[in-house]
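Colleague: Give me coordinates for this.
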Amino acid sequence: MSTPDLTPKAAADSQMVVVTPTYAPDLELFRDLHQSVLRCFPPNVRHVAVVPETHRSLFRQFEGSRCEVVGVREVLPRSVLALPFLRLNFGGGQPAPLWVNLRRPYPPLRGWIIQQLVKLAVASQMSEKIIVTADSDLIFVRPVTAETFAPGGRPRLYRLDDGVDNSLPRHMRWHAVARDLVGLAAPPPPPLPDYVSALVNWDRDVVTRMLRRIEDVTGRRWLDSVGRELHFSECILYGVFADEFEHAEHVTLTSDSLLYPYWETTPLTTDQAGAWLEHVGSTDIAYMISAKSHTPMDVRRAAHASVFPG
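Modeller: Residues are numbered from 1 along each chain as shown. Below is the predicted model:
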């Protein structure tokens, strides 16, 4: 695996880093997210954007002491290649290129799986201990510190008890896959806990132990084992592992995601977005209006300015 220099530069004393896998169509979303990172995180915390190589030049405008732009190929093994001439459209979004792992060519890797592999790979390569993963459609609205994500030095683990049942078949499948990867028996009957959020924080050391566990269980490189799965959630994988193997002395369990999310696919008007933002909770440090809602940027910005001026 190629190993980029992901050690902090100007942020040498920072305990945490913000990581955002993104791409050109989300450039303006990333711009607003990055500005919110600069406002809400301590000045020694950097923001790492992981982008396709062909989009890297667009994101170089953000590079500096607080932002580093890294290519996807820098964090994944050389055996993982993009097939730009093969594109599929999933869920009505933009056609996404397929990828192939030369060490295990079938099945090919879809964009959704690649994004999750990137998150895991980057988290394992960071020098900071607290990894805050924020998608481009998220905005931070309150100041945060390392204590926000690791109270008393123990990383938060978002877990919504009984949040997964038979009405969420994909989540059920994700649980089964996660447990198989880390060598656990099949999931018990539902309900099961939900660990999925658009804002997640991981402990780098927990990620490292989790990936090592996958390799010990499967006898293969973790990326080969995870990449062969057609249905997979990095949030469920980390949650199951941390819940089952790390125990209370290493994590802080919480049902508060710290996030106010809008998951719908219907675009919001300025008035609707403003009214929705009025309900951001007192403990929420961020909100997310899903990019899949296709809410225009001018609507997002006008609504934000009306509720969070300055």
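Colleague: Just the element for the residue of the chain most remote from its centre, please.
Modeller: Centroid-distance maximum for the chain: D271 at 29.0 Å, with C-alpha atoms, centre = their mean. Element membership for D271, per DSSP states H and E: helix 270-277.
Colleague: for the stretch 1-150 of the chain, which spans come out with low pLDDT?
Modeller: 1-13, 84-97 (pLDDT under 70).
Colleague: picking that back up, tell me how far the residue farthest from the centre of the chain lies from L120.
Modeller: In this view, D271 and L120 are 40 Å apart by C-beta to C-beta, to the nearest Å. Where C-beta positions appear, they are placed from N, C-alpha and C, glycine not excepted.
Colleague: ok so, going back, and the helix holding D271, what does it pack against?
Modeller: strand 286-289, helix 297-307 (3 or more C-beta pairs under 8 Å, 6 or more residues apart in numbering; DSSP states H and E).
Colleague: list the contacts for the spatially most central residue of the chain?
Modeller: Nearest to the geometric centre of the chain sits T133, at 4.2 Å (C-alpha atoms, centre = their mean). Contact analysis of T133 by C-beta atoms under 8 Å, 6 or more residues apart in numbering lists V18, V19, T20, K119, A123, L199, V200, N201, W202.
Colleague: Mind checking which of these land in helices?
Modeller: K119, A123 (DSSP state H).
Colleague: my read is the residue nearest to the centre of the chain is in a strand, agree?
Modeller: Yes: assessed with DSSP: H, G, I helix; E, B strand; the rest coil, T133 lies in a strand.
Colleague: excluding its backbone neighbours, what's nearest H171?
Modeller: Using C-beta to C-beta, 6 or more residues apart in numbering and skipping the chain neighbours, the partner closest in space to H171 is V164 (4.3 Å).
Colleague: R110: how many residues sit nearby?
Modeller: 15 (other C-beta atoms under 10 Å).
Colleague: do you know how far it is from K292?
Modeller: R110 is 16 Å from K292, by C-beta to C-beta.
Colleague: quick one, helices of this structure?
Modeller: Applying DSSP H to the chain gives helices spanning 27-40, 56-59, 72-75, 111-125, 146-149, 169-181, 204-218, 222-227, 234-241, 270-277, 297-307.
Colleague: Looking at those helices, which is nearest to E249?
Modeller: Between E249 and these, the shortest separation by C-beta to C-beta is 12.3 Å, and it involves helix 204-218.
Colleague: who's the residue nearest to the centre of the chain bridged to?
Modeller: V19, V200 (DSSP bridges).
Colleague: show me what contacts the spatially closest residue to A291 that is not a sequence neighbour?
Modeller: Leaving aside its chain neighbours, A291 sits nearest to D137 (4.3 Å; criterion: C-beta to C-beta, 6+ apart). Residues near D137 by C-beta under 8 Å, 6+ apart: D26, L29, L33, A198, M288, I289, S290, A291.
Colleague: correct me, but the first one touches K292?
Modeller: By that I understand D26. No: taking C-beta atoms under 8 Å as the contact criterion, D26 and K292 are not neighbours in contact, 11.3 Å apart.
Colleague: higher neighbour count, the two?
Modeller: More crowded of D26 and K292, by other C-beta under 10 Å: D26, with 18 against 15.
Colleague: How about that one, nearest residue that isn't a chain neighbour?
Modeller: S136 (4.0 Å).
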